[in-house]
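S.K.: need a structure here:
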Amino acid sequence: MTTRATLVLQAINELSREPFAYGACDCCLFAARVIGHVTGRDMTFGHKNYTEAEAEAVLARAGGLRAFVTNLLGPEADKMATEDGDPLLMHIMTVGKDGHAAPQDTIGVRTGDYAAYKTRRGVGRLPLELDAVLCGWRVN
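M.R.: Residues are numbered from 1 along each chain as shown. As a prediction, the model looks like this:
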């Protein structure tokens, strides 16, 4: 029997080979596709094939990334109460398309004692205990 942890790692490994692209393999779709691999459900909620500007507009209307995810998945959970494959919110430094670093919220998934996330530079990992990992959501 394949464990949830193994399914998460398989999905992360597969998606790590895809380039970052809004509407295909950005932070939200990275998390949604990992969760979908684990649960067998489409976790994109119809949010695919969009541009960076369209993504920014949707998030702005929702009140930000945290509010957007909460609206889709329900109440937040403490990050330490999540399981492998559950989405996590992080506040990290990312490099924009202009090449400059800036702080930004991003969504990733739990894998063991880490949060894995997708940026323009690839897949990153942060230890869960860092303050940069803010919260999570439970997905069964």
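S.K.: what helices or strands is the top strand by length along the chain leaning on?
M.R.: Determined from DSSP state E, the single longest strand within the chain is strand 101-111. Strand 101-111 sits against helix 4-16, helix 27-39, helix 65-73, strand 87-95, strand 114-119, strand 122-127, with contacts defined as 3 or more C-beta pairs under 8 Å, 6 or more residues apart in numbering; DSSP states H and E. C-beta here means a position set from N, CA and C on the backbone, and glycine is covered the same way.
S.K.: packing partners for the first one?
M.R.: Applying 3+ C-beta pairs under 8 Å, 6+ apart, we find helix 4-16 packed against helix 27-39, strand 101-111, strand 122-127.
S.K.: For the ones you listed, give me CSV that also has mean neighbour count, mean pLDDT and distance to residue 139.
M.R.: CSV is the format used below for the helices and strands packed on helix 4-16 (neighbours: other C-beta atoms under 10 Å; pLDDT from 0 to 100; distance: least, C-beta to C-beta, whole Å):
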stretch, mean neighbour count, mean pLDDT, distance to residue 139
helix 27-39, 24, 96, 5
strand 101-111, 19, 93, 9
strand 122-127, 14, 96, 19
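S.K.: just to revisit the earlier point, can you lay out the helices and strands packed on strand 101-111 as TSV showing distance to residue 53?
M.R.: Shown next, in TSV, are the helices and strands packed on strand 101-111 (distance: least, C-beta to C-beta, whole Å):
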stretch	distance to residue 53
helix 4-16	23
helix 27-39	15
helix 65-73	16
strand 87-95	17
strand 114-119	18
strand 122-127	23
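S.K.: re earlier: out of the helices and strands packed on helix 4-16, which comes closest to residue 9?
M.R.: Closest of the helices and strands packed on helix 4-16 to residue 9 is strand 101-111, at 6.4 Å (criterion: C-beta to C-beta).
S.K.: gap between that closest one and the chain center?
M.R.: Relative to its chain's centre, strand 101-111 lies at 7 Å (C-alpha atoms, centre = their mean, to the nearest Å).
S.K.: Could you tell me the angle between that strand and helix 27-39?
M.R.: Strand 101-111 and helix 27-39 meet at an angle of 0 degrees, taking axes from the mean of the first three to the mean of the last three C-alpha atoms, to 10 degrees as the criterion.
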